[in-house]
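A.B. asks: predicted coordinates and the sequence they were generated for:
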Amino acid sequence: MVQEALTNVIKHAPRAHATVRVHYGADEVHVRVKDDGSGRPAARTAPPAGATAPKTTGQGLIGMRERATIYQGTVTAEPAPRAGSRSACGSPCHEGEGMTRMPSVLVVDDQFLIRSGLTALLTAAPGFEVVGEAADGEEAVRLAAATRPDVILMDIRMPGMDGIAATERILAGREDSAAGREDSADGLEDCADDGPKVLVLTTFDSDEHVFHALRAGAAGFLVKDTPPDRLLAAIATVHAGEMLFSPRALRGLIGTYATPVARAPYPGLDTLTPREREVFALVGAGLSNDDIAGRLVLSPATVKTHVHRCMSKLALSSRAQAVVVAHKFGLAARMH
């Protein structure tokens with residue numbers, strides 16, 4: 001939104017000076033942009049006789065308001081008292097979460113038409129930023145290290161290094177960078193959030209592919225014929241730290257690979273506190289942090305801390321892996 005506000009200054013008052021002020025409050029963030037330009041659009045040359053004058057559409061403000069809506073915010077714009085103009089936008093901050101940031105996305109697919117189509121979709125949609133494209137797994141590993149995206153859309157079948165191997169390589173780097181952090185609430189949260197979330201996109205909605213994607217640490221799995229609006233929502237979901245699998249794939253996965261066993265306990269389970277085991281059981285049932293908070297009468301921030309502690313103690317890299325472990329060892333809560 002700040003970028004669009006400054007673009008408006010350049011377009012309508014190119015010789016103006018602009019200032020940007022950011023204020024972080026307890027519950028929301030305010031951004032104010034002020035310039036010392038004319039405060040009105042530049043004069044337009046009269047069109048030739050018989051021609052229609054161009055209409056002013058206010059695309060700058062429209063774009064700002066569209067972006068503000070994504071973050072449940074508002075935008076105002078008006079002439080400044082003496083000279084120039086000023087615009088302001090505000091967005092709420094949720095407890096413990098900070099302001100939602102535009103997710104950066106790396107697109108990985110060996111087919112040019114699919115790769116360019118995904119890039120065009122994300123570029124046109126407000127609230128997303130494409131930071132790179134890769135045509136194979138090796139290029140994906142290099143670009144992930146160079147661009148540090150929030151989310152990676154990863155194809156599975158590609159020449160050379162496939163998407164599963166690339167996911168393992170990328171997320172192994174995340175685990176290595178987090179290994180030396182201290183065992184504190186803040187450190188665990190950083191450990192769980194460090195690195196990109198991988199959302200696997202493939203034409204094959206098979207149990208085997210889902211299982212291997214899970215073992216590699218993927219945060220979600222969708223087929224390529226997913227509608228655009230669901231794909232955008234899926235990116236936002238995994239960016240927020242939730243898992244996302246198509247219901248059919250997840251049911252098949254749990255039924256095939258997560259048959260409960262009653263023998264040796266999973267390493268690290270004995271280190272969980274009673275509250276952490278309760279939270280982990282609900283994660284295993286597929287509930288989001290907000291759903292868990294509602295059931296246990298806790299704040300979402302507190303639930304997030306418990307989830308991160310569970311993930312760290314059990315050496316799990318994604319919520320999807322937590323679901324499989326919870327079902328395999330009979331820990332998932334039974335939902336009615």
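C.D. replies: Here it is on my side, so go on. Residues are numbered from 1 along each chain as shown.

A.B. asks: in this structure, what secondary structure element scores lowest on mean pLDDT?
C.D. replies: Taking mean pLDDT, DSSP states H and E as the measure, the chain has helix 185-193 as its least confident helix or strand, at a mean of 39.

A.B. asks: what are the ranges of the strands in this protein?
C.D. replies: Shown for the chain, the strands assigned by DSSP state E span residues 18-24, 28-35, 74-79, 85-92, 104-108, 129-134, 151-154, 197-202, 220-223, 244-245.

A.B. asks: just name the most buried of the ones you listed.
C.D. replies: The densest packing among the strands of the chain, expressed as mean neighbour count by mean count of other Cβ atoms under 10 Å, is seen in strand 151-154 with a mean of 30. For glycine as for every other residue, the C-beta is placed from the backbone atoms N, C-alpha and C.

A.B. asks: just the C-alpha atoms of that one, please, in PDB.
C.D. replies: What follows is strand 151-154 as a C-alpha-only set of coordinates in PDB (Å, rounded to 0.1, in the frame of the first residue of the first chain):
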ATOM      1  CA  VAL A 151       5.800 -20.300   0.100                       C
ATOM      2  CA  ILE A 152       7.000 -22.600  -2.700                       C
ATOM      3  CA  LEU A 153       4.600 -24.100  -5.200                       C
ATOM      4  CA  MET A 154       6.400 -27.400  -6.000                       C
END
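
A.B. asks: which strands or helices does that strand pack on?
C.D. replies: Contact here means 3 or more Cβ pairs under 8 Å, 6 or more residues apart in numbering; DSSP states H and E; on that basis strand 151-154 packs against strand 104-108, helix 137-147, helix 163-178, strand 197-202, helix 228-239.

A.B. asks: buried residues in the second one?
C.D. replies: Of the residues in helix 137-147, those with enough neighbours to count as buried (16 or more other Cβ atoms under 10 Å) are 137, 138, 139, 140, 141, 143, 144, 147.

A.B. asks: please tell me how far the third one sits from residue 118.
C.D. replies: When distances are taken as Cβ to Cβ, to the nearest Å, residue 139 and residue 118 turn out to be 15 Å apart.

A.B. asks: how about the strands of the chain in CSV, adding distance to residue 270 and mean pLDDT?
C.D. replies: Listed next are these as CSV, based on distance: least, Cβ to Cβ, whole Å; pLDDT from 0 to 100:
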stretch, distance to residue 270, mean pLDDT
strand 18-24, 41, 74
strand 28-35, 42, 75
strand 74-79, 50, 75
strand 85-92, 40, 73
strand 104-108, 38, 96
strand 129-134, 41, 95
strand 151-154, 34, 96
strand 197-202, 29, 88
strand 220-223, 30, 82
strand 244-245, 29, 70
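
A.B. asks: nearest to residue 160, out of those strands?
C.D. replies: Distance to residue 160, taken as Cβ to Cβ, is lowest for strand 129-134 among the strands of the chain, at 11.2 Å.

A.B. asks: which helices and strands sit right next to the closest one?
C.D. replies: Identification of packing neighbours for strand 129-134 by 3+ Cβ pairs under 8 Å, 6+ apart yields strand 104-108, helix 112-124, helix 137-147.

A.B. asks: contact partners of the shortest one?
C.D. replies: Yep, that's strand 104-108 we're talking about. Outside strand 104-108, the residues within contact range by Cβ atoms under 8 Å, 6 or more residues apart in numbering are 115, 118-119, 122, 128-137, 139-140, 143-144, 147-155, 158, 163, 166, 196, 235.

A.B. asks: try 7 Å
C.D. replies: 115, 118-119, 122, 128-134, 140, 143-144, 147, 149-155, 163, 235 (Cβ atoms under 7 Å, 6 or more residues apart in numbering).

A.B. asks: quick one: it to helix 137-147, angle?
C.D. replies: The directions of strand 104-108 and helix 137-147 differ by 170 degrees, with axes from the mean of the first three to the mean of the last three Cα atoms, to 10 degrees as the criterion.

A.B. asks: strands paired with strand 104-108, and their directions?
C.D. replies: The pairing partners recorded for strand 104-108 under DSSP bridges are strand 129-134 (parallel), strand 151-154 (parallel).

A.B. asks: closest to residue 294 out of the helices and strands packed on strand 129-134?
C.D. replies: Among those, strand 104-108 sits nearest to residue 294 (Cβ to Cβ), with 29.9 Å.

A.B. asks: compute the inter-axis angle for the closest one and helix 228-239.
C.D. replies: Using the same axes, to 10 degrees, the direction of strand 104-108 lies 110 degrees away from that of helix 228-239.

A.B. asks: before we move on, back to that, now distance to residue 240 too, for the strands paired with strand 104-108, in TSV please.
C.D. replies: Converted to TSV, these look like this (distance: least, Cβ to Cβ, whole Å):
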stretch	distance to residue 240
strand 129-134	16
strand 151-154	10
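
A.B. asks: closest to residue 266 out of the ones you listed?
C.D. replies: strand 151-154 (27.0 Å).

A.B. asks: need the contact list for residue 273.
C.D. replies: If you count contacts by Cβ under 7 Å, 6+ apart, then residue 273 has nothing around it.
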